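Asks: no letters, just coordinates:
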């Protein structure tokens, strides 16, 4: 039988507010353990939580960007369980009246658009971090109380690739909103996955596993792929699937069952009596809606329309808000009507350099003005070849210097006068009699070989178009 | 002059006239505590060699009584956080806990020019009880009869004021914990409107019911202390931002025109006939002073006790989860995390605390939540509506504070249900969030005080003060002193 995977994702997101969700402590990452704590986030007796208005505003912003219905009446609840990283032994979360519900996020895969339902977006507080030592365990409460958004998708995803695309799209939207760092390594974005298999075409859901401990989007994809294989095998051999939580082990690339706790989890949710229920007014929603910037999908459509880009180019350039901002600035400054060269330069060489340096394109030492000048030096003025352009670009990224300056300093300007070129050509013809003969017998490849040799001889500086024309003329006339 | 016998307003007058110094107040009080607290046990963790301590150089955490004082010292219940001073809710589980912060009320007392006495008042562990017998330090005794309980849970605060071991005191009231002991000890106890006084720094029992309030020798002191502790606190989201009137302006000796309801559901079986007749006499007195009385109905009264014990224990079970041995207080020596939790809580909590944690945990459990907690919330709304309906036409409601006078130590401690009924007249007030005051209105033949409870609508403490003051000005009950 053929089985179809059914996947739902639960994303936890740190909101990048300056202070914690219910007290005034800093949320900065990387401080000394327990340096950012107070009686409130330590759950000391007698302390009380107070709403962080910015965190609420951010949460509403995300909910709106994910097309959710923000609830007029919402409240916070206590989720009760004992764990040493949870100082009050309950987490302030939201249960039956979450901040928002019924949203969606459109993803695109292989040219196909698919709408993924968002069940709910709600707010809660993060727990602390346990550090296990040989003879004891230590607790760092710096993270305790950092505002967290939980974004739960419908089980609308049907492949690991779709899950990956959903996460990338979600991250892109959140980054545009500027409400979270979305950094999985720092733990500011975390993702758990629910997955089950069912006979293709069936409407009922199979037994699901909850996957945890994935540290990257790729980890999520790999864990899901592994789990599909594992469940498939069990179903094929008619073995019973357990509803369980499994942990992804990135080293061994497999999921392993988490130690099973006795009895069903019972969090004994009840309304948090220390925080009054909230009423979110229409005008508040409208006010926050106004602060939502152009989101990736809209920007992509506009790039296609305004700059004549292909759908592919527009999508790549708008995936990151920093790239989008840089690209748009560069395209605006680039005087030619056809902006394709800008897209090519950014998606190709520039993205390559940023990739090697593991940073955003916008973080490189290259301004939009400098990039425009470089592209014009290559494409319009033909002062340097495409190949030299890439070398200059690399140098620009390293030094922050203007391309013209680099060209002058390194004497990289293209040779475009026929006298100089002809002397190079003469040398090449003399040194490669066999290729010359091959050309004459009609082997077209030989011409390209000779052009290559001439380029090398000119240290890459020969104007390639002129070189080819002159060489051909010379050979044909001999 | 025995300054400890005076009220705060009398002492303030003398301070103002430079007849006395703050130093004299505190040394008078220290002497009194030293003399009688051995019997009453209103305070906990009183230093050994009390007499020698005075005059010596202070150590950190010592009572200001020994070295400094300003204004009129306030005695504080052991569940209100005092910076640097042990605050243990009279529970073993908080052994050695010295909060690094003051409750908002303590800061307000300091800002008003007064000080915390430096000694904490006894209470039922985590305010669970009506007799102050559930304290890890042992029971407090009623100054009027040392064999009897002072009521609870603020029994230490009430006994201290009644025994002239405190000029004035703060307690907390979740289901009657200020008013019932005030009634048992013959002092004035006020439970403010929910949200009138900040709960920041009050170690929570049931967050949606708890309020801090004054226990005083008369209505004027109650108004003075309310002027100090009331008001919005940005640290407490449930405190309400509406202006605080000067409550001393409500001390008007005139009950004419006040419309007062007598709820028929409060004068039924279970009410001690002697208490009943004393309260009825008090009502007659107020009638004579011009107040208009009429019988009213609060039809959902019979559900108040069960609703209270579901909501209060549910919140308590969660509020007390933090006492786990990880960060502060008691930690049992064991191997492994789960054992540490279990053993710490087993050793740290007393029987009544365990009973309420189990009850509350059960009420919130999956499959029972709808039947118990959710239903209790709905009935709570009905109880609130009962009061709203009456207060459409009436300024106040008058009832007995407790169905009996103080009972004997040990009488009810093994019968929780009997104990719970001691709060039958006070619990509805917390469920509705309205203010109520208990004032002394007479004595039983055995010489035990009886309290009259006055209730009013949200944020109408003013009506309570007016009626209480009028009654006081025309009676002598509040001036009676126990023989100690």
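Replies: Now that the structure is in, tell me what you want to look at. Only a predicted model underlies this, so the values are computations on that prediction, with no experimental measurement involved. Numbering: from 1, shown residues only, chains lettered A, B, ... in the order given.

Asks: first vs last residue of stretch B:410-426, how far apart are they?
Replies: End-to-end distance of stretch B:410-426: 22 Å, with C-alpha to C-alpha, to the nearest Å as the criterion.

Asks: what's the neighbour count on the residue of the stretch 351-484 of chain B found nearest chain A?
Replies: As assessed by C-beta to the nearest C-beta, chain A sits closest to residue B:364 within the stretch 351-484 of chain B, at 3.8 Å. C-betas here are computed from N, CA, C, even on glycine. Per other C-beta atoms under 10 Å in any protein chain shown, the neighbour tally for residue B:364 reads 24.

Asks: so what's it closest to, chain neighbours aside?
Replies: Nearest-residue entry for residue B:364: residue A:268, 3.8 Å, with adjacent residues in sequence omitted and distances by C-beta to C-beta, 6 or more residues apart in numbering or on different chains.

Asks: got the contact list for that neighbour?
Replies: Applying C-beta atoms under 8 Å, 6 or more residues apart in numbering or on different chains, we find residue A:268 in contact with A:78, A:80, B:317-318, B:361, B:364-366, B:369.

Asks: what helix or strand does it sit in?
Replies: Residue A:268 is part of no helix or strand, with elements assigned from DSSP states H and E.

Asks: quick check on it: phi, psi?
Replies: The phi and psi values for residue A:268, taken as degrees, to the nearest 10, are phi 40, psi 50.

Asks: just say helix, strand or coil for whichever residue of the stretch 101-250 of chain A sits closest to chain B.
Replies: Proximity to chain B, evaluated over the stretch 101-250 of chain A using C-beta to the nearest C-beta, is greatest for residue A:139 at 7.3 Å. Secondary structure for residue A:139, judged by DSSP: H, G, I helix; E, B strand; the rest coil, is strand.

Asks: show only the entries of the contacts of residue A:268 found in helices.
Replies: Where these overlap with helices, as defined by DSSP state H, the overlap consists of B:317-318, B:361, B:364.

Asks: out of these, which are buried?
Replies: Neighbour counting by 16 or more other C-beta atoms under 10 Å in any protein chain shown classes B:317-318, B:361, B:364 among those as buried.

Asks: nearest spatial neighbour of the most centrally placed residue in chain A, chain-adjacent residues omitted?
Replies: Closest residue to the average C-alpha location of chain A: residue A:168 at 4.9 Å, with C-alpha atoms, centre = their mean. Take residue A:168 and drop its neighbours on the chain: the residue closest to it by C-beta to C-beta, 6+ apart is residue A:217, 6.4 Å away.

Asks: neighbours of the one you found, how many?
Replies: Once other C-beta under 10 Å is used to define contacts, residue A:217 is seen to have 19 neighbours.

Asks: give me the pLDDT for residue A:474.
Replies: At residue A:474, the pLDDT value in this model is 80.

Asks: repeat for residue B:295
Replies: In the predicted model, residue B:295 carries a pLDDT score of 97.

Asks: check the one 10 residues further on too.
Replies: Reading off the confidence values, residue B:305 has pLDDT 94.

Asks: and for it, the neighbour number?
Replies: There are 17 residues near residue B:305, going by other C-beta under 10 Å.

Asks: can you confirm whether whatever helix or strand it lives in lies near chain A?
Replies: For residue B:305, the element it lies in under DSSP H and E is helix B:304-319. Yes - in terms of C-beta under 8 Å from any C-beta of the partner chain, part of helix B:304-319 sits within range of chain A, namely B:314-315, B:317-318.

Asks: that helix: which residues count as buried?
Replies: Residues B:304-305, B:307-319 are the ones in helix B:304-319 that count as buried (16+ other C-beta under 10 Å).

Asks: please apply the same query to stretch A:302-311.
Replies: For stretch A:302-311, by 16+ other C-beta under 10 Å, it's A:303-304, A:307, A:309.

Asks: now find how far off-centre it is within its chain.
Replies: Centroid separation for stretch A:302-311 versus its chain: 21 Å, with C-alpha atoms, centre = their mean, to the nearest Å.

Asks: repeat that for stretch B:190-208.
Replies: Here stretch B:190-208 shows a centroid-to-chain-centroid distance of 11 Å under the convention C-alpha atoms, centre = their mean.

Asks: what mean pLDDT does it get?
Replies: Along stretch B:190-208, the predicted local confidence has a mean pLDDT of 98.

Asks: list the buried residues of it.
Replies: Neighbour counts using 16+ other C-beta under 10 Å place B:190-208 of stretch B:190-208 among the buried residues.

Asks: that stretch near chain A anywhere?
Replies: Yes - applying C-beta under 8 Å from any C-beta, one finds that stretch B:190-208 is in contact with chain A at B:199-204, B:206-208.

Asks: and residue A:248, how far is that from residue A:217?
Replies: 12 Å (C-beta to C-beta, to the nearest Å).

Asks: so, low pLDDT: which residues of the chain?
Replies: Because you didn't say which chain, this covers chain A. Within chain A, the segments meeting pLDDT under 70 span A:259-264, A:381-382, A:478.

Asks: nope, chain B
Replies: Counting by pLDDT under 70, chain B contains low-confidence residues at B:1, B:48-68.

Asks: count residues in the vicinity of the residue in the stretch 1-150 of chain A positioned nearest to chain B, would you?
Replies: Among all residues of the stretch 1-150 of chain A, residue A:89 sits closest to chain B, at 3.6 Å; criterion: C-beta to the nearest C-beta. Residues lying near residue A:89 (other C-beta under 10 Å) number 21.

Asks: what's near enough to touch it?
Replies: Residue A:89 makes contact with A:43, A:80-83, B:321-322, B:324, according to C-beta under 8 Å, 6+ apart.

Asks: of all those residues, which two lie farthest apart?
Replies: For the contacts of residue A:89, the maximum inter-member distance is 13.6 Å, found between A:43 and A:81 (C-beta to C-beta).

Asks: who has more neighbours out of the two?
Replies: Set side by side, residue A:43 and residue A:81 give different neighbour counts by other C-beta under 10 Å, the larger being at residue A:43 (21 against 13).

Asks: the more buried one against residue A:87, yeah?
Replies: Yes - Residue A:43 sits in contact with residue A:87 when judged by C-beta atoms under 8 Å, with a separation of 3.4 Å.

Asks: overlap in contacts of those two?
Replies: Shared between the contact lists of residue A:43 and residue A:87 (criterion: C-beta under 8 Å, 6+ apart) are residues B:322, B:327.
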